[in-house]
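*Asks:* predicted model and sequence follow; I will ask about them next.
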Amino acid sequence: MIEVRPFDSLGGADHGWLKAKHHFSFASYYDPNRMSWGNLRVWNDDEIASNSGFPPHPHSDMEIITYVRDGAITHEDSLGNKGRTEAGDVQVMSAGTGIRHAEYNIEPETTRIFQIWIEPTRRGEKPSWGAKPFPKGERAGQFVVLASGFEDDTDALPIRTDARVVGATLKAGESATYPLGSARRGYLVPAKGVVEVNGVRLNARDGAAITGEDALTVTAVNDAEIVLVDAA
């Protein structure tokens, strides 16, 4: 089953410097039917104005994955980590027993990100942060694992949970298949472009909540960039 959640149906807020859309209940947006999807708790679609951002704030016991769609995000945290993550790349923060972090857009243009929170399987561990560039060519026409809690995914950023975050870029007319498994939950969002998922059409930034599908075949109607969470 594939339930389409149109972008226009999402909750959100406009803070001036931040325009946020929420696929799941978050902050002042509450929908009892959109609290989580398996262990996937948050999927925020954020537009952050130039020279602005999130000041230092705390987290604990959450896996927080940031996928940069446009621009770049600059990270600082209480562990002393600093880093800049560019469009197409990914950063992961395992909040563990507690961490404070800040995320700033110090670029001259608007930065657009997906921020994804997944409930950890392992709690009470030391916090950590990491980022990795993923060459865009590797995702051309196929799914690539970006972050994973599975040991076999050695090229992915590690997360402490039973989940994967995968991405793909498809030219118009191209298809790629991901072996989700009918016992798993998927949540797929086209960052750009229009796609069909097992024949179900999604526009850019729509969400698709997926259950009971052995495999997902994604076909690009026009050039598209796709992010998928494979969740427990």
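*Replies:* Looks like it arrived, so ask away.

*Asks:* can I assume Glu47 is in contact with Arg112?
*Replies:* Yes: using Cβ atoms under 8 Å, Glu47 is in contact with Arg112, at 5.3 Å. Just so you know, the C-beta spots here come from the backbone N, C-alpha and C atoms, and that holds for glycine as well.

*Asks:* so for these two, which sits in the more crowded spot?
*Replies:* In terms of neighbours (other Cβ atoms under 10 Å), Arg112 is the more surrounded of Glu47 and Arg112; the figures are 21 against 18.

*Asks:* okay, now the sheet partners of the strand or helix carrying the more buried one, with direction.
*Replies:* Per DSSP states H and E, Arg112 falls inside strand 111-118. Sheet pairing here is set by DSSP bridges, and for strand 111-118 it gives strand 40-48 (antiparallel), strand 63-70 (antiparallel).

*Asks:* can you tell me what sits against it?
*Replies:* Under the contact criterion Cβ atoms under 8 Å, 6 or more residues apart in numbering, strand 111-118 has outside partners 39-48, 50, 62-73, 105, 159, 161, 163, 165, 189, 191, 227, 229, 231.

*Asks:* how about the nearest residue to Arg34, chain neighbours excluded?
*Replies:* Spatial nearest neighbour of Arg34, excluding adjacent residues (Cβ to Cβ, 6 or more residues apart in numbering): Phe24 at 5.0 Å.

*Asks:* who's in contact with that neighbour?
*Replies:* Phe24 sits next to Asp31, Arg34, Met35, Ser36, Trp37, Leu40, Arg41, Val42, Trp43 when contact means Cβ under 8 Å, 6+ apart.
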